[in-house]
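Asker: Sequence plus the predicted model coming up.
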Amino acid sequence: MPSPRRWRPSRSTGRASVVETWRPNGYDTAMPTYEKTYLKDIVSRELSLAQRSLGDVAGTSTIEIRPSERPEFGDYSTNLAMIEAKASGRVPRKVAEALTAALAKILSAAGIAKAEVAGPGFVNLFLSPACIRSALRSLLADGDEYGSSQRGGGVRLQVEFVSSNPTGPLTVGHGRQAVLGDVLAALYERLGYDVQREYYFNDQGRQVDLLAESLWVRYRELFGESREIPEGGYQGEYLKDMAVEVRPIVGAGHKEFNADTLMIFRAQAVTRISDGIRKDLDALGIRFDSFFSEATLHRDGKVDAALKGLRAHNAVYDEEGAVWLRAEDFGGAKNSVLIRSDGRPTYVMVDIAYHMDKRSRGFERVIDVQGADHQVEQTCVKAALRALGIPETFLSYAVHQFVSLKQGGAVQRMSTRAGRFVTLRDLLGEVGSDVVRYFMISRKPEAHLDFDLDLAKSQSLDNPATYIQYAHTRIASLFRKAGVETISPDVDLAPLEAREELELIKKLDLFPEVLETAAISFAPHLVAEYALDVARSFHAYYDRFRVLGEAERVIAARLALLHAVRIVLARSLRVLGMTAPEEM
RNA sequence: GCGCCCGUAGCUCAGGGGACAGAGCAACGGCCUUCUAAGCCGUUGGUCGGAGGUUCGAAUCCUCCCGGGCGUGCCA
């Protein structure tokens, strides 16, 4: 069970994988939505009632209400008394006793049935079975909308991810970012944001020029010439294949590499690679709303305009013929060049212009998913936006570490330029989208990911992705057998009284909070963990409890419970971009 | 040198101030006349990299050290 990560105000010293984070705004209670979860809301309400009767002011900032770790600790535990004691200099257990006494006076069958003091001052809360069952009824009422909310209030949010240079096929490494970005986007959609997925194309500049020249070299090789791939150019085999494709289109000339050749080969290379990238993304089930071309920024004068803006805010200075960003004065890691001494803008300059453009397109929030190697640049862009007076909450970076491939026990870093990589397409050919997505998302972003190729290829039976999907399948199969399609809203849930059944309901109750925490903390792996946990609980339950053949009302109640499990599994898999099969 | 990330069971990893540290895989032992056994149950397995410190309480926060990764470009 993942104990959901607590949200913290943004601090530069906070979790570095979340350079900035924020609280969703625009709360709207019209839609199914919870402060925490259905049950925690109940507990929280009764606790504050009790607290108020004691004359204490609820300081709810750091108090925790969470599922108890052991049965004798009840259903939920809170550290409220210990926090309160610390604030007021009182003795924790005394505060806890006063609180439980106050709770005893308001105990309602609808909620907390019993409260006990334990340990250093925990208050353990026992919920009535009816109360727990009411969470199930609420879940069933939400149906396929369970876990969604309108907290985002329709705020326009852009998630920018992958944004790989069109200089080579997507690698396994890009795959991680692709899945991470896509799942983050899906999470924010669930939270009621108006989300756009954008891919930024660096289709201008030195890298694509080098690509064009590298392609041209391969092209000349077809005529028996032997030429050097330029310094920093692209060595990969894929350009040899491409040269063969391109030859009949561009003809036999082009003996020298000049401005014309550059344009022709660049257009060929960029178009072909971009098409390939889109196909790869498609194979992963990722669809972008927008592909944004860097070239348009230059063409439309956005880069000049951004520089002008920075100058007006006294954020730049001239030195050694170059224009520098005063990044350090605005919280950046390092002053950096914006305009080279030869007059060409740097990547950072263009990136600043790009973000100005995002802002002018009306996005209130932007999440950039990037690899950890962009750390310094990120602080520079942030510094520039700060200098321009753009609110801190506008831009957040979701940073992830790299993927290494593990094969035959050896770990290898990949490099597109050196032509040393395993393509995403090759991987997808062998493992399948669902498993790839699960592998990519199941690790926290800030941890390095060793993608074990042998395991992924050979061990599809033992992997968690299959385990979760199988749980969904078993439930679907049961409903087919039972010939039941819908659950009546007023089904009698009273037969659900076994400990396992109530535990299962409590677990399902956590779903909305898991989604929200995963989104806010940029931690999609929490959803993967949670889904696995639910699947595990289901399998254990399903093995011990029969459904068909029991008394009529028991069948109905258990089907209702399993329907709820199916909803949560299907919703989880959906957010992760995985299929929820009806049969396997 | 400086900045950031990681170090938890044999392996891959969750947990990021709370009560005896969790899961999957691996190993060992059980469970199919019954809703998919692609499953379940049990056992074995840990100086939470190390040392100090803060706290009623530290795997979690602070300092230092060790090991691995990424940065520290007028590359992107």
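Answerer: The structure has been received and is ready for your questions.

Asker: And chain A, split by domain according to the record?
Answerer: Residue ranges for the domains of chain A, per automatic domain parsing: A:38-133, A:206-273, A:462-576.

Asker: got those as CSV, with mean neighbour count columns?
Answerer: Placement of C-beta: from N, CA and C, glycine included. Below are those laid out as CSV (neighbours: other CB atoms under 10 Å):
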stretch, mean neighbour count
domain A:38-133, 18
domain A:206-273, 16
domain A:462-576, 19
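
Asker: Now the helix or strand containing A:V348: buried residues?
Answerer: Under the criterion DSSP states H and E, the helix or strand holding A:V348 is helix A:347-360. For helix A:347-360, a neighbour-count test (16 or more other CB atoms under 10 Å) marks A:347-359 as buried.

Asker: how about it, does it get close to RNA strand B?
Answerer: Yes: Helix A:347-360 is in contact with RNA strand B by CB under 7 Å from any atom of the strand, via A:Y347, A:V348.

Asker: follow-up on the earlier one: between the buried residues of helix A:347-360, which is nearest A:S134?
Answerer: The closest of those to A:S134 turns out to be A:K358 (CB to CB; 44.1 Å).

Asker: and that closest one, what is it in contact with?
Answerer: By CB atoms under 8 Å, 6 or more residues apart in numbering, the contact list for A:K358 reads A:Q158, A:E160, A:V366.

Asker: Relative to A:A113, how far out is A:Q401?
Answerer: From A:Q401 across to A:A113, the span is 46 Å (CB to CB, to the nearest Å).

Asker: cool, and A:S226?
Answerer: 83 Å.

Asker: Then A:D260?
Answerer: From A:D260 over to A:A113 (counting by CB to CB), the distance is 82 Å.

Asker: got it, and A:A528?
Answerer: 34 Å.

Asker: same question, A:L573
Answerer: 35 Å.

Asker: swap in A:L532?
Answerer: 31 Å.

Asker: now swap in A:S163 and tell me
Answerer: 53 Å.

Asker: again with A:A85
Answerer: Taken as CB to CB, the span from A:A85 to A:A113 is 25 Å.

Asker: Just the CA trace of stretch A:179-186, in CSV.
Answerer: The C-alpha atoms that make up stretch A:179-186 are tabulated as CSV, following Å, rounded to 0.1, in the frame of the first residue of the first chain:
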residue,chain,number,x,y,z
VAL,A,179,5.4,7.3,-21.0
LEU,A,180,6.1,9.6,-18.1
GLY,A,181,4.8,12.6,-19.9
ASP,A,182,1.7,10.8,-21.3
VAL,A,183,0.7,9.5,-17.9
LEU,A,184,1.2,12.8,-16.2
ALA,A,185,-1.0,14.4,-18.8
ALA,A,186,-3.6,11.7,-18.2
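
Asker: Show me what the helix or strand that contains A:D241 is in contact with.
Answerer: Using DSSP H and E, A:D241 sits within helix A:238-250. Residues outside helix A:238-250 that contact it (CB under 8 Å, 6+ apart) are A:168-169, A:211, A:214-215, A:218-219, A:221-222, A:264-265, A:268-269, A:272.

Asker: Dump those to JSON lines, plus secondary structure, distance to A:D280 and pLDDT.
Answerer: As requested, the contacts of helix A:238-250 are exported to JSON lines (DSSP: H, G, I helix; E, B strand; the rest coil; distance: CB to CB, whole Å; pLDDT from 0 to 100):
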{"residue": "A:G168", "secondary structure": "coil", "distance to A:D280": "11", "pLDDT": "85"}
{"residue": "A:P169", "secondary structure": "coil", "distance to A:D280": "7", "pLDDT": "87"}
{"residue": "A:L211", "secondary structure": "helix", "distance to A:D280": "17", "pLDDT": "93"}
{"residue": "A:S214", "secondary structure": "helix", "distance to A:D280": "20", "pLDDT": "94"}
{"residue": "A:L215", "secondary structure": "helix", "distance to A:D280": "19", "pLDDT": "95"}
{"residue": "A:R218", "secondary structure": "helix", "distance to A:D280": "21", "pLDDT": "95"}
{"residue": "A:Y219", "secondary structure": "helix", "distance to A:D280": "24", "pLDDT": "96"}
{"residue": "A:E221", "secondary structure": "helix", "distance to A:D280": "26", "pLDDT": "95"}
{"residue": "A:L222", "secondary structure": "coil", "distance to A:D280": "26", "pLDDT": "95"}
{"residue": "A:I264", "secondary structure": "helix", "distance to A:D280": "25", "pLDDT": "95"}
{"residue": "A:F265", "secondary structure": "helix", "distance to A:D280": "22", "pLDDT": "95"}
{"residue": "A:Q268", "secondary structure": "helix", "distance to A:D280": "19", "pLDDT": "95"}
{"residue": "A:A269", "secondary structure": "helix", "distance to A:D280": "16", "pLDDT": "94"}
{"residue": "A:R272", "secondary structure": "helix", "distance to A:D280": "13", "pLDDT": "94"}
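
Asker: Format those residues as TSV; extra columns: distance to A:A305.
Answerer: What follows is the contacts of helix A:238-250, written out as TSV (distance: CB to CB, whole Å):
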residue	distance to A:A305
A:G168	32
A:P169	35
A:L211	28
A:S214	33
A:L215	33
A:R218	39
A:Y219	38
A:E221	43
A:L222	44
A:I264	31
A:F265	31
A:Q268	31
A:A269	30
A:R272	32
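
Asker: now, which of these sits nearest A:S341?
Answerer: The nearest member of the contacts of helix A:238-250 to A:S341, counting by CB to CB, is A:L211 at 24.9 Å.

Asker: Quick check: chain neighbours aside, which residue is closest to the closest one?
Answerer: A:T167 (4.6 Å; CB to CB, 6 or more residues apart in numbering).

Asker: A helix includes that neighbour, no?
Answerer: No: A:T167 sits outside any helix when classified using DSSP: H, G, I helix; E, B strand; the rest coil, being coil.

Asker: For it, grab the count of nearby residues.
Answerer: 21 (other CB atoms under 10 Å).

Asker: And it, how close does it get to A:A259?
Answerer: Note on A:T167: its distance to A:A259, by CB to CB, is 20 Å.

Asker: With A:A560 instead?
Answerer: 71 Å.
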